[in-house]
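In: Show me how the following folds:
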Amino acid sequence: MFSVTANCTPNITTSTTNLTITKSIQYPFDLDQPYQSSKFHMNEQKGCLENDTSTLQVFFLGNVKSDAEFFVTTGVLTFLYSTALIAVYLFAHKQYTAENSHAPVIDFIFTVIFAVFWLSGSAAWSNGLSDLKKAADPSFFDRTLFEPVGIVTSAVHPIKSGSFGGIVISILFGFINFILWAANLWFLYKETTWFESILKNSAPSTAATTTGA
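Out: Purely as a prediction, here's the structure:
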């Protein structure tokens, strides 16, 4: 949530009045969609508006809904897949590690997919954070909020700056998830038939070298 106050220059007198607005930003962060709490009303301060309306509708610019939803979807799918794998490891471990089992290969492929998802999702959400910070920057309000609806402002001052700490932490954990899932590929690879075939193919040459020595 952030709040700003604008010094309005009335059309009637030369004095100035203040116009204060407060905006809450929340998931899915589609600021330009009025049906997602992106629209709010501001009580008219006498002289701030050119018309006589009692309320004023303002729309923010910016939409990072796709970035946020992709990041959250990756987290939800990862949680469901990890939960399912825990059940497999606990109750079907013998079938998972059985000879000629394709389960490790399938697990390896899905792990690659989730590693890519975490990397791309974290990068996209990081870009979305920069867009959110721009949308909440008071220096952009004159051009994007007040001028299109006929309000003349002499200055815009932030009262409360939005805190993006939670989003920064989520992005950090997103990249940590990518590292964990990517590092796990080596251990999964050692469980696949691909790794076993390499060991079998290299075994005769190793034995021959040992005999020759």
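In: burial count for residue 76?
Out: Residues lying near residue 76 (other C-beta atoms under 10 Å) number 9. C-beta here means a position set from N, CA and C on the backbone, and glycine is covered the same way.
In: Quickly find the element holding it.
Out: Using DSSP states H and E, residue 76 maps to helix 65-91.
In: tell me the mean pLDDT for the helix or strand just after that helix?
Out: Per DSSP H and E, the first helix or strand lying C-terminal to helix 65-91 is helix 93-97. Averaged across helix 93-97, the pLDDT comes to 80.
In: mind exporting helix 93-97 as PDB, just the C-alpha atoms?
Out: Provided in PDB are the C-alpha atoms of helix 93-97 (Å, rounded to 0.1, in the frame of the first residue of the first chain):
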ATOM      1  CA  HIS A  93      10.400 -47.200  -3.500                       C
ATOM      2  CA  LYS A  94      11.000 -50.700  -4.800                       C
ATOM      3  CA  GLN A  95       9.000 -50.100  -7.900                       C
ATOM      4  CA  TYR A  96      10.800 -46.800  -8.400                       C
ATOM      5  CA  THR A  97      14.200 -48.300  -8.200                       C
END
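In: average pLDDT for the next helix or strand after that helix?
Out: Later in the chain than helix 93-97, the nearest helix or strand by DSSP H and E is helix 103-135. Averaged across helix 103-135, pLDDT comes to 91.
In: List the buried residues of helix 103-135.
Out: 103-104, 107-108, 111, 114-115, 117-119, 121-126, 128-129, 131-132, 135 (16 or more other C-beta atoms under 10 Å).
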